[in-house]
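Asks: got a predicted model here, sequence first, then my questions.
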Amino acid sequence: MSTVAKVPCTIVTGFLGAGKTTLVRHVLENAEGRRLAVIVNEFGDVGIDGDILKSCGIESCPEDAIVELANGCICCTVADDFVPALEALLNRPNPPEHIVIETSGLALPKPLVQAFNWPAIASRVTVDGVIAVVDGAAVAAGRFADDPEALAKQRAEDSSLDHDNPLEEVFEDQLLCADLVVMNKADLMSDGERKDVTAEINKTLSRAVKIVEVQNGKVPTSVLLGLGAAAEADLASRPSHHDAEGEHDHEDFETFIVDLPLFDTPQQLVDRIKKIAEVHDVLRAKGFADVKGKPMRLLVQGVGNRIQHQFDRAWKSGEPRQGRLVVIGEKGLDQAAIRALIAG
């Protein structure tokens, strides 16, 4: 069967807090008549990202066309979760014309691309393109990049040191698999920082890939969809740190959920999230909160000490007004201390 007859799928990858969900939501809100479906992969037990997308109310992508996979990293659960979810969407009476797949921040995109060659789906879908979303401001600050000279010096001086940097490897694997790189949060960077980050990304890329600078994930749908990459047939040009390995794991990271109290103001929660990022080096925090006297729930998303918040929708009738926050960081977080800081 030719690629033209297959349903195109766009894989949106990117590190923690890069802005993947914001970008996907923008695609849904600007579908340009396409009938879309979304598969979103959570790293954790609460469907925060799926809930954000479902609150869009977009006719071209109804709630039942948004599928959440919360049983682990999508690239580790291909057979158990991803392929059945994809088949279920394709078997709908009115199947989608394009499927958008948002991976977790820790997912390696290449195993997911390889899954499109599985016999059960190979004749029905194709990878239209892999989009790597980069938090430009974070990279400019050195949050997810290492100094190679310093690393080489450490290696020479300490033979017992574990030199693997999972953050950097995941980041690089996402770039190496990309057909388009979206450098998000460009408005938080100076001209010099944008040039430096672009140069840093280009040093990692193994082939010519376009880099677009945006803010708030606002990329025209015509730029993101319709790349026609057929990435599953182009695996050789997408090297990975894990090509020689079998399964990978996420033992270097942990995630947990904090039940949130009622807050007097949005700033009260923002200040507490900034505090846990500063004191405990939390990588990512996202969730919903109840604010006193407000009919709408507060959506909060944080990367390090940069916190975004907005009232996204009204609490539904009969819905428990219980706020919850997903906290993600490297192994060894002091969960009790973080819960105490959030509780105030």
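Replies: Right, received. Where do you want to start? Numbers count the residues shown, from 1 in each chain.

Asks: just list the residues touching the closest residue to residue 135 other than its chain neighbours, thanks.
Replies: What sits nearest to residue 135 in space, not counting adjacent residues and going by Cβ to Cβ, 6 or more residues apart in numbering, is residue 18, at 4.3 Å. Heads up, the C-betas are built off the backbone N, CA and C, glycines and all. Neighbour list for residue 18: 105, 133-135, 138, 184, 303 [criterion: Cβ atoms under 8 Å, 6 or more residues apart in numbering].

Asks: ok, now residue 217?
Replies: Taking Cβ under 8 Å, 6+ apart as the test, what residue 217 contacts is 19-20, 22-26, 133, 182, 184.

Asks: pLDDT score assigned to residue 1?
Replies: At residue 1, the model reports a pLDDT of 39.

Asks: can you give me the strands in the protein?
Replies: 7-14, 36-41, 66-69, 98-102, 125-135, 180-184, 210-213, 253-260, 284-289, 296-303, 306-314, 323-330 (DSSP state E).

Asks: distance to residue 90, mean neighbour count and mean pLDDT added to the ones you listed, as a markdown table?
Replies: Converted to a markdown table, those look like this (distance: least, Cβ to Cβ, whole Å; neighbours: other Cβ atoms under 10 Å; pLDDT from 0 to 100):
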| stretch | distance to residue 90 | mean neighbour count | mean pLDDT |
| --- | --- | --- | --- |
| strand 7-14 | 6 | 26 | 94 |
| strand 36-41 | 9 | 26 | 86 |
| strand 66-69 | 12 | 22 | 69 |
| strand 98-102 | 8 | 26 | 93 |
| strand 125-135 | 7 | 26 | 95 |
| strand 180-184 | 24 | 24 | 95 |
| strand 210-213 | 29 | 16 | 93 |
| strand 253-260 | 30 | 17 | 83 |
| strand 284-289 | 30 | 24 | 84 |
| strand 296-303 | 31 | 21 | 85 |
| strand 306-314 | 30 | 15 | 84 |
| strand 323-330 | 30 | 20 | 83 |
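
Asks: dump these to a markdown table, plus distance to residue 114.
Replies: Output for the strands of the chain, formatted as a markdown table (distance: least, Cβ to Cβ, whole Å):
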| stretch | distance to residue 114 |
| --- | --- |
| strand 7-14 | 12 |
| strand 36-41 | 16 |
| strand 66-69 | 17 |
| strand 98-102 | 14 |
| strand 125-135 | 10 |
| strand 180-184 | 19 |
| strand 210-213 | 23 |
| strand 253-260 | 23 |
| strand 284-289 | 27 |
| strand 296-303 | 29 |
| strand 306-314 | 34 |
| strand 323-330 | 26 |
